[in-house]
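Enquirer: starting from these lines, generate the structure:
(one chain, ligands or ions: 2)
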Amino acid sequence: MSECLFCRLVKGDIPSDIIYENDDVIAFRDQNPQAPTHVLVIPRKHISTVNDLTAEDKNVVGEMLLAGKAVAAQDGIAEDGYRLILNCNEGAGQTVFHVHLHVLGGRVMNWPPG
Ligand code: 5GP
Ligand code: ZN
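Expert: Numbering: from 1, shown residues only. Ligands and ions are numbered 1, 2, ... in the order given. Coordinates of the predicted model:
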């Protein structure tokens with residue numbers, strides 16, 4: 001999986017604007033932001049899609065959600081509100097096949113999503 005874009009980003013082979021990290025996850029700003037805050041939280045471990053998660057990944061999935069919450073607080077959008085999104089496979093718009101949690105906020109979010 002050495003060619004995976006986000007694995008290369010975890011290794012530091014590709015530069016990114018990392019704003020939060022711990023042993024399990026890193027969070028960095030999306031290169032094509034769809035809102036004033038648009039951050040991606042990814043596991044350091046390669047997991048292609050949500051469909052590939054197993055019970056062994058419970059901890060890392062929890063860390064992703066907690067990192068999303070921490071990023072929202074850091075960016076000052078926690079109280080106004082923000083959205084956490086996991087796109088699974090092409091039909092949902094997934095383009096990078098290394099699981100990532102989108103943290104979006106800083107503007108009014110519409111419902112239903114497109
Ligand atoms: P998806 O469409 O798979 O849910 O989301 C992939 C996201 O990754 C997109 O929002 C895209 O802008 C972002 N992205 C793709 N390549 C890079 C990159 O090299 N650096 C950063 N920071 N974001 C990326
Ligand atoms: Zn990967």
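Enquirer: helix or strand right after the longest strand along the chain?
Expert: Determined from DSSP state E, the single longest strand within the chain is strand 37-43. Next helix or strand after strand 37-43 toward the C-terminus (DSSP states H and E): helix 58-74.
Enquirer: got the contact list for the following helix or strand past that following helix?
Expert: Using DSSP H and E, the helix or strand that follows helix 58-74 towards the C-terminus is strand 82-85. Applying Cβ atoms under 8 Å, 6 or more residues apart in numbering, the external contacts of strand 82-85 come out as 37, 65, 68, 72, 101, 102, 103, 104, 105, 106, 109, 113. In short, each C-beta sits where N, CA and C put it, glycine included.
Enquirer: tell me the strands beside strand 82-85, with direction?
Expert: According to DSSP bridges, strand 82-85 has the following sheet partners: strand 101-105 (antiparallel).
Enquirer: and this structure, which residues reach ligand 2?
Expert: By Cβ under 5 Å from the ion, the residues of the chain that approach ligand 2 are 4, 6, 7, 46, 98.
Enquirer: isn't the first one up against residue 46?
Expert: Yes. Contact status for residue 4 versus residue 46: in contact at 5.8 Å, counting by Cβ atoms under 8 Å.
Enquirer: identify the contacts common to the two.
Expert: Common contact partners of residue 4 and residue 46 (Cβ under 8 Å, 6+ apart): residue 98.
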